[in-house]
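K.L.:
I would like to see how this sequence folds:
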Amino acid sequence: MHRGEFFGVATVGERGQIVIPIEARKAYNIEIGDKLMVFGRRYAGGLLLVQADVFLNHVQETMTELTDLGRLLEDLRGKGMIERDSTAGPALEPEAKPSPASGNDSVSQGKDGSGGPVGEKGRRRDR
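P.N.:
Numbers count the residues shown, from 1 in each chain. Take a look at the predicted model:
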């Protein structure tokens, strides 16, 4: 998509606000009212902006995959195909899946996720 693309320079205003260049907003389908999560990148010396709904979708997908892998691991252990590693910690218990964010949540809903994460200084990050 837009890997490593430079979109311009944003100046911090009096109230700490920045304007995301229009090319970046179009490329990542960022619209008025969208929520962006802001992460500090201590060692990279910058900030990371990620669309909240895209980030939360990735977290949910990762949690589901980890739960599935945990169940597979326990099944293999139960069949004696692998032994429990004493350093692995307690057995994984399947957790109830969190319900999708409701409409009154602070994260905007209904986006198709095509935006993708945006890295430091507006550069796209691969997922």
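K.L.:
can you map out the helices along this structure?
P.N.:
With DSSP state H as the criterion, the chain has helices at 22-27, 52-78.
K.L.:
which of those helices sits closest to residue 45?
P.N.:
For residue 45, the closest of the helices of the chain is helix 22-27, at 19.8 Å, according to Cβ to Cβ. For the C-beta atoms, the positions are set from N, CA and C on the backbone; glycine is no exception.
K.L.:
buried residues in that closest one?
P.N.:
For helix 22-27, the neighbour count (16 or more other Cβ atoms under 10 Å) marks 24, 25, 27 as buried.
K.L.:
ok, and the closest non-adjacent residue to the first one?
P.N.:
With sequence-adjacent residues excluded and distances taken as Cβ to Cβ, 6 or more residues apart in numbering, residue 24 is closest to residue 7, at 4.0 Å.
K.L.:
dump the residue contacts of the spatially closest residue to residue 12 that is not a sequence neighbour.
P.N.:
Spatial nearest neighbour of residue 12, excluding adjacent residues (Cβ to Cβ, 6+ apart): residue 18 at 5.7 Å. Contacts for residue 18 (Cβ atoms under 8 Å, 6 or more residues apart in numbering) come out as 10, 11, 12.
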